[in-house]
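>>> compute the structure for the input listed below.
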Amino acid sequence: MCVNKIFLSLGLMAQQDVFAADKFDWNSALIMKDLPAKDMELLLKNKTSHLYNKGQVVFRENSFPTGIFMLESGMAKKIKLDADENEHIVYICTSGDIMGFQSVLSAGRYLDSAIALEDSHIAFIPREDFLAAVEQSSILASKLLRILSHEFGVLLNTLAAQNRKTVKERLASNLVNLIEKIRKTSKDANVVNMTRADLAQLCGTTKETVVRGLSDFKSERIVTTSGSKIQIQDFEALVKIAGKG
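Okay, the predicted model is just below:
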């Protein structure tokens, strides 16, 4: 099946429901959910927690992985550099998300970099403990297989959205995705705190276009803004725009 046909089929799937945020969520937090106590003990026996200040690098692309990282609180961006050293945001991680496990499993280098978007508490689990837990636990190994397969689906959905949706729809989609992720650990959350430059990278557009899009949303009483904070006033309207493409 050619790429265009894949995009078309994904588009038809998306039209069956207004907007399914789970199609764009890596769901890596599920790796730790409901693990047997003995597996969790092995996995976390040498875990350490550290405070990363806003803008601090958690790990760098092409460095050798020493372990995996779990966001206990805060938010981080995963970025990839192109040949001209331009930064492209791959994904936004929120509380509970796990970073770097793909590279540990592949025995390769880190595929991207992770940078704290705000002051964040991040746990570190040594590579050896993670691999020992994977070796011991069939449940953990099965979870990782499902998560990696799901991530491939997220990649296809993201590519399809970039090709199919207008910039306004992509902006709405990313805001909905971020709010849905934040609500997994803070149910009353309705604020996205992100610079316009980062949001533009996430949407695959320019900062100026994002500013205009947010201005449109403000005039439609969908959002209000204060500095880098975007407060969602009408989540249902945002979902409706996100699901149009």
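>>> any idea which helix or strand comes after the helix or strand bottoming out on mean pLDDT in the chain?
Lowest on mean pLDDT, DSSP states H and E among the helices and strands of the chain sits helix 3-15, with a mean of 40. Counting by DSSP states H and E, the next helix or strand C-terminal to helix 3-15 is helix 37-44.
>>> residues making contact with that following helix?
M32, L35, I125, D129, F130, A132, A133, Q136, S137, I139, L140 (CB atoms under 8 Å, 6 or more residues apart in numbering). Bear in mind the C-beta positions are built from the backbone N, C-alpha and C, glycine included.
>>> now the buried members of those residues.
Among the contacts of helix 37-44, those classed as buried by 16 or more other CB atoms under 10 Å are M32, L35, I125, D129, F130, A133, S137, L140.
>>> quick one on the thing from earlier: of the contacts of helix 37-44, which is the nearest to I98?
M32 (7.3 Å; CB to CB).
>>> and the closest one, what are its phi and psi?
Main-chain torsions, M32, degrees, to the nearest 10: phi -90, psi -10.
>>> how close does it sit to V104?
Separation of M32 from V104 (CB to CB, to the nearest Å): 15 Å.
>>> buried ones in the longest helix seen in the chain?
Determined from DSSP state H, the single longest helix within the chain is helix 138-164. Neighbour-count burial for helix 138-164, counted by 16+ other CB under 10 Å, picks out L140, K143, L144, I147, H150, V154, N157, T158, A160, A161, R164.
>>> do the same with stretch 96-114
Neighbour-count burial for stretch 96-114, with 16+ other CB under 10 Å as criterion, is recorded at 96-105, 110, 112-114.
>>> so which of these belong to helices?
Using DSSP H, those in helices are F101, Q102, S103, V104, L105.
>>> coming back round to it: relative to K54, which of the buried ones among the contacts of helix 37-44 is nearest.
I125 (23.1 Å).
>>> on that earlier part again, tell me what the longest helix of the chain is packed against?
helix 3-15, helix 37-44, helix 101-106, helix 127-136, helix 167-183 (3 or more CB pairs under 8 Å, 6 or more residues apart in numbering; DSSP states H and E).
>>> now stretch 217-228: average pLDDT?
What stretch 217-228 shows for mean pLDDT is 95.
>>> so what's T224 bridging to?
Per DSSP bridges, the residues bridged to T224 are Q231.
>>> so it touches Q233, yeah?
Yes. Between T224 and Q233 there is a contact under CB atoms under 8 Å: 6.0 Å.
>>> excluding chain neighbours, what is closest to K45?
D129 (6.3 Å; CB to CB, 6 or more residues apart in numbering).
>>> got it, and I98?
Nearest one to I98, counting by CB to CB, 6+ apart, is S28 at 4.4 Å.
>>> please apply the same query to H88.
Per CB to CB, 6+ apart, closest to H88 is K80, 5.1 Å.
>>> what's the helix or strand for the one you found?
strand 75-81.
>>> in its sheet, what does that strand sit against?
Strand pairing for strand 75-81, using DSSP bridges, gives strand 87-94 (antiparallel), strand 113-116 (antiparallel).
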